[in-house]
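Q: Based on what follows, work out the 3D shape:
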Amino acid sequence: METLESELTCPICLELFEDPLLLPCAHSLCFNCAHRILVSHCTPSEPIQSISAFQCPTCRYVITLNQRGLEGLKRNVTLQNIIDRYQKASLSGPNSPNETRRERAVPDCKAMTSPGDRVQCQFCEQDPPQDAVKTCVTCEVSYCDECLKATHPNKKPFTGHRLIEPLLDSHLRGLMCLEHEDEKVNMYCVTDEQLICALCKLVGRHRDHQVAALSDRYDKLKKSPGRFLCLGRDRSYQEADQQALDSNLSSLIKRTSDLESLMGKLIQTCQHVEVNASRQENKLLEECDQLINIIQQRRQIIATKIKEGKSVRLRKLAQQIASCKQCIERSSSLITQADHTLKETDHTRFLQTAKSVCERVSMATASSQILLPEINLNDTFDTFALDFTREKKMLEGLDYLTAPNPPIIREELCTASYDTITVHWTSDDEFSVVSYELQYAIFTSQSNVVSLCNSAESWMIVPNIKQNHYTVHGLQCGTKYIFIVKAINQAGNRSSEPGKLKTNSQPFKLDPKSAHRKLRLSHDNLTVERDETSSKKSHSQDRFSSHSSYGVTGNVYIDSGRHYWEALIGGSTWFAVGIAYKSAPKHEWVGKNSASWVLSRCNNSWVVRHNSKEMPIEPSPHLRRLGILLDYDSGSLSFYDAVSSQHLYTFDIAFAQPVCPVFNVWNRPRPRAPGTGSGLSVLLLTLVLARSSHVVHGSVSAGPDGQRNPGEAVAVGPSHRRHGSSHGQTDGLGAGAPSGGGDARCPVRASHRGPVQPVLTVLQSSFTATVPASTEDVLLKGFQMLDMENDRIETAQQFFAWFANLQANMDQDESVKYRKTRDDLNCYQEQCDAILKDVSTALEHLDSLQKQYLFVSNKTGTLHEACEQLLKEQSELVDLAESIQQKLSYFNELETINTKLNSPALSVNSDGFIPMLSRLDDCIEYVSSHPNFKDYPVYLTKFKQCLSKAMHFMKIYIVNTMQNLTSQLTKRDSMGLTNADNAFTLYYVKFRAVAPKVRSLIEQIEQRAEKIPEYHQLLEEIHQCYLDQREQLLSPSITSTITDLTNQNSKDHCALVRSGCAFMVHVCQDEHQLFNEFFSKPTPKLDELLEKLCLSLYDVLRPLIIHIIHLETLS
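A: Below you'll find the model as predicted:
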């Protein structure tokens, strides 16, 4: 026992295995111990799911885990059962109460009490009484644990009481005799199969029946449970019923296991539904909150814009009103003074004041054109409207997105060539499809569609298809493919039903460039023959030398795959057919070197030759159709008699280069027969390719009947070669025209079945297998020997009846034949007895399985609770993962922002640019607020670099916009398109029109300049660029205008001062307003610019001020 216990001990915890796992190295390990090993390999920041391997503690073998982790390893159920039995045997003994009081009388007590029926203790005084743990059959009372210990100590006579699982009173009364209610049953009537009491045996109707003790009957039925169904029947029926019971129990156990498995899957599916629905509900709340936040943000932004527009317009109108009031006051004062002058009757006074009044009126009239404020009566803020109709419709149409319906492949619309297939499909909901994905793989007759769909390695994938059709290039010709189309959107994808399409065949021909000059190709390069007119020399003795053999190759080079072609031989008796390397010397393709492999005929001598080594063969003397099978990948070249399916020879070759088919004709003419024409050697060839590799080589295009007479043209070889153009394997002979019945192994047209089928027969003959005869086969052969034919014996009863009948017949006829048959039947009877013995053994094993099943069912509740706990932990881990993913979203933004900033199509005016800046600010703020992150300095630096780059892009755009506008205005002014009076208006209007385009960008820079000192310099550069452009435009115009005013008021200095100052005040006011259109924050550099512009007027007035004696006249 100690040795057994050491074998059942875990090498980690040194205790008996608990929930053992079966490792790939055949050792076992407790589940909790394996979990502790994984935890020991984890770092504090690393989840346990990231550990994909660990070492076996016994043999150090590396155990690789799949995505399920430890749950992916198999449980060692057999070891667990052994441990359970060992523990049970250790806790129980021959003198223990459990052993002496085993439940023998009622073996199926659990089945008699349903799980919902609670049996209460009948001896308890408390209310309510406790649940009973045992029922004493002798006392006919149910006891709880405390009452059982008090009333049934482990002493005589109580040790003789029979204790069973708790039973209800109705079940307990079932143990009383049915005929004598006061008597308990204590024996079993074998004749009636009924429990009886002693009175029934003495005076009842069972007194003459065969009876047995309850314990003996119990033990007998327990050892052979199948026989209780057939106690009163013949032996033959007993065996059949026992087999039926065995089969039914096995089916019931299997069905129960399947139902439990299905129930587990249903529970798992329910859990998935709950988890996914909860996730979608949370996602809905998040999305709606985001939409509400966006609406609130937009409301604030639009409200701010309305307020700003209102304040700007009202401020401007107020300024215009004030300017108009000043003009009206000045004009009214001048009108009053002029009116008084006109009413003056004194000639002296009139003449004295008339001139000055006239000049003032002229000056006021001239200055009114300049000082008159710009008034726009149409800008009443009525050209803006809030129309959210489209947004309302979008919000009303909000719904959760589902995966699109599976598309349908329209095979009737699909087209194919020898290396391309155009697939067409339709979809019911094209508007919800973002893109399509086309998957295709080679389909053979041995392919299983289900397994092929589950295997990701066999498929080629074409992603991101926007149309409802796609053309796949580089396919194998004459090959059937299976296509699946996936419709994809944000919610997921659905796949179409598989569609099967096939590429067309590709014809082969002989290559005229490789043909010897003494050979003649005809019938569209499908026939080769010796041209006797080109040479009159006789045949050389060295018949295999390059000087006397003439060859031609097919126009194909083969570097992989499985290929087959046939040569129809006319009257030629001197030829060679085979393959050669691409680099083989020209016209030396007769096997005399290491670069060619051929089958050659020289009159009646047939040999295969390679590297000057010959091997004689013995084909049919009337060989007219030669089949060549080349398996490049396996390294074999085989020759066949295609008519008789005779295998001639096979070369084993380690190919190092591409090869091509070669055909040689020697110059010795065959004897001319009457009526055979010129007697020239003609080699007729038919080439059919079958491939299983990655290279497509084409196929044959034969005549209508698949055969040709001597002299006819034959299609040979592929027209070109292509490497690496396909991606799968096909099976069997391929590349021909489509064949009937859809057999992918023989895709040649009906006319080719004749030449190809014999070779198929030869190839398939090597794959036949011999199945060992079973016991049933032995019996069946014996019955067939007795002329039983199809009359099978299904049951043991039929066998014994037939055997008795046969034995009676044999007794009547003592011939040797029947005696021998009788001996055979005796032998069969012995075999049947052995089978019955095996059945008994199987039933005993079934009883063991039933006990194991009961134990497993008891453990199900515990396992279910553990599963619920695991699901709870899984939910917590999912929440943690979502929290981590939300935090990672800030760091993941770095790559997206970098991509946008480095994109050549980036535009600072795009709708997503400013939101990108906001997201960048959020990322910087989040990373700055979490300095405890590991890569905090790196990400913070990179985010700041991205922000600096974005600010630099905005600065470049603003500066370029101002410079381009200045350049346009300067060019227009240089062409004389504007006068001095309208120049200021043009400069003001043009810059004001550009202001909204750059105002939002400048605001972004100003906001960040307040928080980050580095960007203050960037803002100052934009200020300086703006002021420089305005100075470049205004300086010439101001100088010109002041010059004109000086010329107009050269004699009246006061008028010059007033008009010049009014002009400069107007310019300064316009510049202040225009600056506010671009910037929200003032700058002292604007005042410096205005002072610089006023210097032009000051330079004109300063000489006048110096030379004027009476300065008070300037006031």
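Q: chain center to the strand ranked longest in the chain, what's the gap?
A: Looking across the chain with DSSP state E, the single longest strand is strand 480-489. Mean C-alpha position of strand 480-489 versus that of the full chain (Cα atoms, centre = their mean, to the nearest Å) differs by 13 Å.
Q: Each with direction, which strands does it pair with?
A: strand 435-442 (antiparallel), strand 492-495 (antiparallel), strand 499-502 (antiparallel) (DSSP bridges).
Q: Nearest to Lys149 among those strands would be which one?
A: If you check each of the strands paired with strand 480-489 against Lys149 by Cβ to Cβ, strand 492-495 wins as the nearest, at 63.3 Å. In short, each C-beta sits where N, CA and C put it, glycine included.
Q: what's the weakest-modelled helix or strand in the protein?
A: Sorted by mean pLDDT, DSSP states H and E, the helices and strands of the chain end with helix 753-765, the least confident at a mean of 35.
Q: Can you spell out which helices and strands pack onto the longest helix belonging to the chain?
A: The longest helix of the chain (DSSP state H) is helix 235-343. Secondary-structure packing of helix 235-343 (3 or more Cβ pairs under 8 Å, 6 or more residues apart in numbering; DSSP states H and E): helix 347-371, helix 796-812, helix 816-902, helix 1053-1078.
Q: now the longest one, how far from the centre of its chain.
A: Per Cα atoms, centre = their mean, the displacement of helix 816-902 from the mean C-alpha position of its chain is 27 Å.
Q: what about Arg992, distance to Asp379?
A: 11 Å (Cβ to Cβ, to the nearest Å).
Q: actually His180, sorry about that
A: 118 Å.
Q: For burial, what's the neighbour tally of Ile164?
A: Using other Cβ atoms under 10 Å, Ile164 has 23 other residues around it.
Q: That one bridge partners, please.
A: Applying DSSP bridges to Ile164 gives these bridge partners: Thr135.
Q: pLDDT score for it?
A: With respect to pLDDT, Ile164 scores 84.
Q: Ok, Arg670 next?
A: pLDDT at Arg670 comes out at 44.
Q: For Ile321, which of the helices and strands packed on helix 235-343 is the nearest?
A: Closest of those to Ile321 is helix 1053-1078, at 13.9 Å (criterion: Cβ to Cβ).
Q: Quick one: name whatever helix or strand follows the closest one.
A: With elements assigned by DSSP states H and E, the helix or strand that comes after helix 1053-1078 is helix 1084-1107.
Q: could you say what helices and strands that next one packs with?
A: Secondary-structure packing of helix 1084-1107 (3+ Cβ pairs under 8 Å, 6+ apart): helix 1014-1048, helix 1053-1078.
Q: Let's have these in a markdown table, adding mean neighbour count and distance to Leu521.
A: As requested, those are exported to a markdown table (neighbours: other Cβ atoms under 10 Å; distance: least, Cβ to Cβ, whole Å):
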| stretch | mean neighbour count | distance to Leu521 |
| --- | --- | --- |
| helix 1014-1048 | 17 | 80 |
| helix 1053-1078 | 18 | 84 |
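Q: Which one of the ones you listed lies nearest to His424?
A: Within the helices and strands packed on helix 1084-1107, the stretch nearest His424 is helix 1014-1048; the backing value is 56.3 Å (Cβ to Cβ).
Q: How many residues are close by Asn405?
A: The burial count assigned to Asn405 is 15, neighbours taken as other Cβ under 10 Å.
Q: just checking, it touches Asn493?
A: No: taking contacts as Cβ atoms under 8 Å, Asn405 lies outside contact range of Asn493: 10.9 Å.
Q: where do the contact lists of these two overlap?
A: Residues touching both Asn405 and Asn493 (Cβ atoms under 8 Å, 6 or more residues apart in numbering) are Ala487.
Q: picking up where we left off before, mind checking the pLDDT average for the longest strand of the chain?
A: Mean predicted confidence for strand 480-489 is 92.
Q: returning to that earlier point: pick the most deeply packed of the helices and strands packed on helix 235-343.
A: Ranked by mean neighbour count, the helices and strands packed on helix 235-343 are led by helix 1053-1078 with a mean of 18 (mean count of other Cβ atoms under 10 Å).
Q: Run through the neighbouring helices and strands of it.
A: Using 3+ Cβ pairs under 8 Å, 6+ apart: helix 1053-1078 touches helix 235-343, helix 347-371, helix 980-1011, helix 1014-1048, helix 1084-1107.
Q: bridging residues for Val665?
A: Beta-bridge partners for Val665, by DSSP bridges, are Tyr550, Phe575.
Q: For it, grab the count of nearby residues.
A: 24.
Q: how near is it to Leu526?
A: Val665 is 15 Å from Leu526, by Cβ to Cβ.
Q: same thing with Ala881?
A: Ala881 sits 68 Å away from Leu526, taking Cβ to Cβ as the criterion.
Q: again with Leu1019
A: 83 Å.
Q: go on, Ala53?
A: 62 Å.
Q: can you check Leu1090 too?
A: Going from Leu1090 to Leu526 by Cβ to Cβ gives 96 Å.
Q: can you check Cys30 too?
A: Counting by Cβ to Cβ, the gap from Cys30 to Leu526 is 75 Å.
Q: more crowded one of these two?
A: The residue with more neighbours, out of Cys30 and Leu526, is Leu526; 25 against 19, by other Cβ under 10 Å.
Q: so that one makes contact with Val552?
A: No: contact criterion Cβ under 8 Å: Leu526 and Val552 do not qualify, at 11.4 Å.
Q: residues shared between the contacts of these two?
A: With contacts taken as Cβ under 8 Å, 6+ apart, Leu526 and Val552 have Leu510 as neighbours in common.
Q: which residues does His54 contact?
A: One correction, residue 54 is Phe, not His. Neighbours of Phe54 in contact, by Cβ under 8 Å, 6+ apart: 34, 37-38, 41, 62-63, 65.
Q: ignore the last one, Asn32
A: If you count contacts by Cβ under 8 Å, 6+ apart, Asn32 has them with 13, 18-19.
Q: For it, pull up the helix or strand it's in.
A: helix 31-41.
Q: Now do that helix: distance to the chain's middle.
A: Its chain's C-alpha centre and that of helix 31-41 lie 31 Å apart, by Cα atoms, centre = their mean.
Q: before we move on, what about stretch 578-588?
A: Centre-to-centre, stretch 578-588 and its host chain are 47 Å apart (Cα atoms, centre = their mean).
Q: Start at 23, not 1
A: Sure thing, new numbering starts at 23, so read that last one as stretch 600-610.
Q: which parts of that stretch are buried?
A: Buried residues in stretch 600-610, counting neighbours by 16 or more other Cβ atoms under 10 Å, are found at 600-603, 606, 609-610.
Q: Also stretch 145-160?
A: Buried residues in stretch 145-160, counted by 16+ other Cβ under 10 Å: 145-146, 154-159.
Q: Just the pLDDT for Asp809.
A: Confidence score, pLDDT, at Asp809: 46.
Q: burial of Gly592, as a residue count?
A: Using other Cβ under 10 Å, the number of residues around Gly592 comes to 20.
Q: circling back: out of His202 and Asp401, which sits in the busier spot?
A: Of the pair His202 and Asp401, His202 is the one with more neighbours under other Cβ under 10 Å, namely 16 against 13.
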